[in-house]
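Asks: Sequence and predicted structure are below.
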Amino acid sequence: MEFEEVELGQISNVTKLAGYEFTNNIKYTNDGDIIAIRALNIKNGKLDLSQVKKITKETSNNLLRSKLYKNDIVLTYTGSKYGEVALINQNEKFHLAPNVCKVTVASNVNPYYIFLIMQTRSFKIQMKNFGVGSSQPTIPMKNIRKLKILLPSLEHQNRIVKVLKPLDEKIDLNYKLVTNLEELSQTLFKRWFVDFEFPDENGNPYKSSGGEMIDSELGEIPKGWKLNKLDKIINIKSGKRPRNKVNIVDNKNKIPIIGASKVMGYTSDYLESEPILVMGRVGTHGVIQRFNNNVWPSDNTFFIKSQFMIYTYFILINIDYKSLNRRSTQPLLSQKDIKNIDIIIPESDTLIVRYEEITNMYFKQIDVLKDQISYLNELRDTLLPKLMSGKIEIPDDIEVNMDELSI
């Protein structure tokens, strides 16, 4: 198999939204038609549109150089999310925001092939080597254009994409299923414990069916429910600094070490035999994730255990942590902050147990889907170099059967 080593700038146009363009033209608006793609909107090779800012179509059309089109690749080039990539899948929907550049490949190159290459470990190492700055990693546009790409013929690019794209499509589907299950759990939590429409003794929604409500410091609550502190249902401890300097794994015990910046999106195994919640307390404070196996929460996190784990998780993710922040430059939470949060506790544990029985089924499905995502990502990254080198030959009439991939 013959490859040509080319610079990214030789086969694509790499550009960004200039600082003066942002300052002079970009005004975010709630009724805008175009989503401004920021660094936080690019995660794990996908667009994450859970938090978006918008601009008007007129503004986007006035800044054509930074307008995004179908098959453009977006790349974060500075900050904590340095090196994240995603592929734009439609026109007239997205525009560049600061800290993100776009890569528009030439017509004789398959954009999905370049997108696959830009997700590889070797490409990310190149980005790191071409980067500047230590506290805030950044790679200049001129250096992005110098990044090397191994380019086979367009025919072979297309064959590689035909094999690997179905894996990405399955990953996308799994992410959507995970999101739907999480939203179902969140919706049920709000309906039962915020709107107080939990099933009464007849199976009807409590509040709208005339269930008795009483006054409290937090407003009306169901009769028999009580106002208490979060400390009542949780056990919270601070993480600890490892004795020896290590990056990700305690080599003696083979346990991943979780810092505040690593909590969100981290998929691994728990500190003890029972599930825990890990919460960032410094900087990325309030970011929470569940873990089922062994992790080592670092000294910039809290780890939390509770008799009612899923119930506690949804209480915690619905709290406004900005109001608890004790610093302006480096956000910080204390154990006291968390323990003293006011919560409303049902009259008995029965309702919480019912809620957990339902949502635990959802989260078991979520864990299975996330395991599949990890497997598919690993499979894709393993197959790509073998397909490129010719170790795995691709027939002209290749058809991909997902069942044969042990999914």
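Replies: All right, it came through fine.

Asks: can you list the weak-confidence ranges in the stretch 51-200 of the chain?
Replies: Across the stretch 51-200 of the chain, the ranges flagged by pLDDT under 70 are 134-135.

Asks: try 90
Replies: Within the stretch 51-200 of the chain, the stretches with pLDDT under 90 are 51, 78-82, 120-122, 128-137.

Asks: where do the strands sit along it?
Replies: 53-55, 73-76, 85-87, 94-96, 100-105, 148-151 (DSSP state E, counting those that start in this stretch).

Asks: Give me the sheet partners of the longest one and which way each runs.
Replies: Next to strand 100-105 in the sheet, as set by DSSP bridges, lie strand 12-16 (antiparallel), strand 73-76 (antiparallel).

Asks: Give the buried residues for that strand.
Replies: Buried residues in strand 100-105, counted by 16 or more other CB atoms under 10 Å: V100, C101, K102, V103, V105. C-beta: built from backbone N, CA, C; applies to glycine.

Asks: can you pull out the strands in the stretch 301-407 of the chain?
Replies: Under the criterion DSSP E, counting those that start in this stretch, strands of the stretch 301-407 of the chain are mapped to 301-306, 342-345.

Asks: Kindly check the end-to-end length of stretch 14-30 for me.
Replies: 29 Å (CA to CA, to the nearest Å).

Asks: For it, give the mean pLDDT please.
Replies: Averaged across stretch 14-30, pLDDT comes to 93.

Asks: Run the chain-centre distance for that stretch.
Replies: Mean-position distance between stretch 14-30 and its chain equals 25 Å (CA atoms, centre = their mean, to the nearest Å).

Asks: quick one on the thing from earlier: closest one of the buried residues of strand 100-105 to I344?
Replies: V100 (41.3 Å; CB to CB).

Asks: Just name the most buried of the strands of the stretch 51-200 of the chain.
Replies: Across the strands of the stretch 51-200 of the chain, averaging neighbours per residue (mean count of other CB atoms under 10 Å) puts strand 94-96 on top, at a mean of 25.

Asks: which other helices and strands contact that strand?
Replies: On a contact count with 3 or more CB pairs under 8 Å, 6 or more residues apart in numbering; DSSP states H and E, strand 94-96 meets strand 34-37.

Asks: The strand it packs on: partners in the sheet, and parallel or antiparallel?
Replies: Strand 34-37 sits in its sheet next to strand 53-55 (antiparallel), strand 94-96 (parallel), going by DSSP bridges.

Asks: okay, these in TSV with distance to D72 next?
Replies: Compiled in TSV, those are given as follows (distance: least, CB to CB, whole Å):
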stretch	distance to D72
strand 53-55	17
strand 94-96	8
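
Asks: do you know which of those strands lies nearest M309?
Replies: For M309, the closest of the strands paired with strand 34-37 is strand 53-55, at 33.7 Å, according to CB to CB.

Asks: So what's the gap between the closest one and the chain middle?
Replies: 20 Å.

Asks: Need the contact partners of it.
Replies: Strand 53-55 is contacted by residues 26-36, 38, 95, 97 when judged by CB atoms under 8 Å, 6 or more residues apart in numbering.

Asks: just to revisit the earlier point, can you say which of the strands of the stretch 301-407 of the chain is nearest to S12?
Replies: Closest to S12 of those is strand 301-306 (CB to CB; 39.8 Å).

Asks: Parallel or antiparallel, list what pairs with that closest one.
Replies: Strand 301-306 pairs in its sheet with strand 234-238 (antiparallel), strand 276-280 (antiparallel), by DSSP bridges.

Asks: As JSON lines, the buried residues of strand 100-105 with distance to Y311 would be great.
Replies: Converted to JSON lines, the buried residues of strand 100-105 look like this (distance: CB to CB, whole Å):
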{"residue": "V100", "distance to Y311": "37"}
{"residue": "C101", "distance to Y311": "43"}
{"residue": "K102", "distance to Y311": "43"}
{"residue": "V103", "distance to Y311": "44"}
{"residue": "V105", "distance to Y311": "48"}
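
Asks: and which of those is nearest to L227?
Replies: Distances from L227 to the buried residues of strand 100-105, taken as CB to CB, are shortest for V100 (44.7 Å).

Asks: If that closest one is in a bridge, with which residues?
Replies: Beta-bridge partners of V100, counted by DSSP bridges, are T76.

Asks: Would you confirm that it contacts I73?
Replies: No - using CB atoms under 8 Å, V100 is not in contact with I73, being 10.6 Å away.

Asks: Comparing the strands paired with strand 301-306 by mean pLDDT, which bottoms out?
Replies: Here the strands paired with strand 301-306 differ in mean pLDDT, and the lowest is strand 276-280 at a mean of 84.

Asks: Run the chain-centre distance for stretch 171-182.
Replies: Computed by CA atoms, centre = their mean, the chain-centroid distance of stretch 171-182 equals 12 Å.
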